[in-house]
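# below are the sequence and a predicted model; questions follow.
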Amino acid sequence: MNKLYASVAAASLLVGASALAAEKTVTIASWGGSYQEAQSKALFEPASADSGIEVKQETYGGMSDVRLQVETGAVTLDIVASGSGSAARAAEEGLLEKLDYNVIDVSTFYPTLYTDYCLGGDVFSTVYAWNTNTYGQDGPQSWADFWDVEKFPGTRAYRAKVAGALEPALMADGVAPEDVYEVLSSEEGIERALDKIRELKPHIAVFWTSGAQQAQLMKDGEVDMTTGWNGRFDNAAKDGAKVAYSFNQALLDYDCFAVPKGAPNKDTAMEFLNLISQAKYQANLPKYITYGPTNKAAYDVAEVDQAVLKALPSHPDNAAKQLPVSLEWYAKWETIAAEMYEEMLTE
């Protein structure tokens with residue numbers, strides 16, 4: 001009888017543990033397309049399978065959606081993918097929960113790739129890309145080239161949001177990369193960047209609003225060159241797009257995960273963020289998209305060809321050519337710059 005009771009008790013514990021795991025859920029919002037598919041395959045699905053935490057995925061429009069949920073007290077999202085600059089601004093507005101680094105282990109992270117409110121998920125670059133049917137492999141090699149419609153005639157696409165839009169304009173206008181954020185730290189400097197975009201505007205056929213759109217533009221050959229995120233173009237090339245890009249003068253940035261203020265499953269969100277930050281999951285990312293892991297230890301366990309690793313934005317050879325995005329600038333100036341940018345777009 002004692003054995004029977006012991007068996008029943010053990011079975012009850014197992015059932016109870018399973019039920020407890022099944023009760024844990026997180027709702028994660030990201031940007032869709034090949035990017036979210038990569039996140040899902042590399043991070044969300046395997047971490048969910050190993051932990052028993054149920055993951056519900058949605059797509060969303062960025063921190064404006066988080067702002068609306070927080071302001072109306074109707075928060076349904078537990079974790080959101082965000083650009084680092086947008087997360088910095090959202091934290092300033094009080095839209096995010098402070099992350100619990102007693103739960104989330106960042107001991108092997110690059111030190112610049114997490115903040116109190118933003119946990120780095122991947123490293124990427126905003127680059128200029130071109131249609132190889134139009135220019136062959138000899139496309140633009142600087143932002144000045146991107147602006148040079150005589151040397152490189154053809155249509156352009158550019159970002160419809162201010163993030164990553166002003167820095168290229170100033171470099172095209174001759175500002176040294178190391179001086180870009182100093183120049184942008186005034187309304188006059190922002191206006192200088194906007195004037196440079198106005199100069200190119202007659203040749204901009206599309207102002208893109210998502211990574212999926214920038215990739216589709218190149219797949220369809222709708223424009224001859226565009227700004228955008230390196231991993232989207234690599235995936236588009238795998239799908240047959242005639243596209244190439246350069247890391248020279250690109251913007252080195254990172255995406256992160258944040259927890260909206262009032263998230264219904266905040267504790268589980270912290271637990272899940274700890275999981276997907278582990279090297280074994282981060283090492284999966286380059287299998288699905290050419291964005292670098294933020295956990296340094298992932299490079300030691302990644303089962304990926306060395307040629308792929310050397311093509312990642314955060315590889316030292318590539319990082320040295322780029323301008324690191326300033327979160328401090330975005331926290332202070334993004335709102336003002338965004339209003340000015342919107343006005344320029346509607347002129």
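That came in fine, so what should we check first?

# and the next element down the chain from the longest strand along the chain?
Counting by DSSP state E, the longest strand found in the chain is strand 243-258. Beyond strand 243-258 in the direction of the C-terminus, DSSP states H and E gives the next helix or strand as helix 266-276.

# now that following helix: average pLDDT?
Throughout helix 266-276, pLDDT has a mean value of 98.

# ok, stretch 131-144 next?
On average, the pLDDT along stretch 131-144 is 96.

# check stretch 90-104 too.
Mean predicted lDDT for stretch 90-104 stands at 97.

# buried residues in that stretch?
90, 91, 95, 96, 97, 99, 104 (16 or more other Cβ atoms under 10 Å). To be clear about C-beta, it is placed using only N, CA and C from the backbone, and glycine gets the same treatment.

# just the strands in this structure please.
Going by DSSP E, the chain shows strands at 25-30, 54-59, 79-83, 119-131, 156-159, 204-208, 225-229, 243-258, 323-324.

# so which of those comes closest to residue 335?
Smallest distance to residue 335 across those (Cβ to Cβ): 14.6 Å, for strand 79-83.

# and the angle for the closest one with strand 119-131?
If you take axes from the mean of the first three to the mean of the last three Cα atoms, to 10 degrees, strand 79-83 sits at 50 degrees to strand 119-131.

# alpha carbons only: can I get strand 79-83 in CSV?
Output for strand 79-83, consisting of C-alpha atoms alone and laid out as CSV, is shown next (Å, rounded to 0.1, in the frame of the first residue of the first chain):
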residue,chain,number,x,y,z
ILE,A,79,7.1,41.2,-23.7
VAL,A,80,7.6,43.4,-26.8
ALA,A,81,10.5,43.5,-29.3
SER,A,82,11.7,47.0,-29.7
GLY,A,83,14.4,49.1,-31.3
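
# strand partners of it, parallel vs antiparallel please.
As defined by DSSP bridges, the strand partners of strand 79-83 come to strand 25-30 (parallel), strand 243-258 (antiparallel).

# number of residues surrounding residue 309?
By the measure other Cβ atoms under 10 Å, the count of residues near residue 309 is 16.

# what do you get for the one 5 residues further on?
The number of residues packed near residue 314 is 22, by other Cβ under 10 Å.

# need the nearest residue in space to it, chain neighbours excluded.
Spatial nearest neighbour of residue 314, chain neighbours left out: residue 292 (3.4 Å); criterion: Cβ to Cβ, 6 or more residues apart in numbering.

# now do residue 324
residue 252 (4.8 Å).

# what's in contact with stretch 187-200?
By Cβ atoms under 8 Å, 6 or more residues apart in numbering, the residues outside stretch 187-200 that reach it are 147, 149, 156, 158, 165-167, 169-170, 172-173, 182-184, 333, 336-337, 340-341, 344, 347.

# I'd like the average pLDDT over it.
98.

# now that stretch: buried residues?
189, 190, 192, 193, 194, 196, 197, 200.

# what do you get for stretch 300-307?
Quick answer for stretch 300-307 (16+ other Cβ under 10 Å): 302, 304.

# also stretch 308-322?
309, 311, 312, 313, 314, 315, 318, 319, 322.

# which one among these gets closest to residue 86?
Closest to residue 86, out of all of the buried residues of stretch 308-322 and judged by Cβ to Cβ, is residue 313, at 18.5 Å.

# tell me the pLDDT at the closest one?
90.

# and for it, nearest residue in space, chain neighbours not counted?
Nearest to residue 313 is residue 125, by Cβ to Cβ, 6+ apart, at 4.1 Å.

# point to the residue nearest the middle of this structure.
Nearest to the geometric centre of the chain sits residue 255, at 3.3 Å (Cα atoms, centre = their mean).

# if I follow the layout properly, it ends up in contact with residue 85?
No - at 10.5 Å, residue 255 does not count as touching residue 85 under the criterion of Cβ atoms under 8 Å.

# mean pLDDT lowest where, among the strands of the chain?
Comparing mean pLDDT across these, the lowest value falls on strand 323-324: a mean of 92.

# not counting its own residues, what contacts that strand?
With Cβ under 8 Å, 6+ apart, strand 323-324 has contacts from 112, 167, 171, 177, 178, 180, 249, 250, 251, 252, 253.

# same check, this time on stretch 37-56
Residues contacting stretch 37-56 (Cβ under 8 Å, 6+ apart): 18, 21-22, 24-28, 30, 57, 81, 121, 231, 235, 268, 271-272, 275-276, 278, 281-282, 284-285, 287-289, 291.
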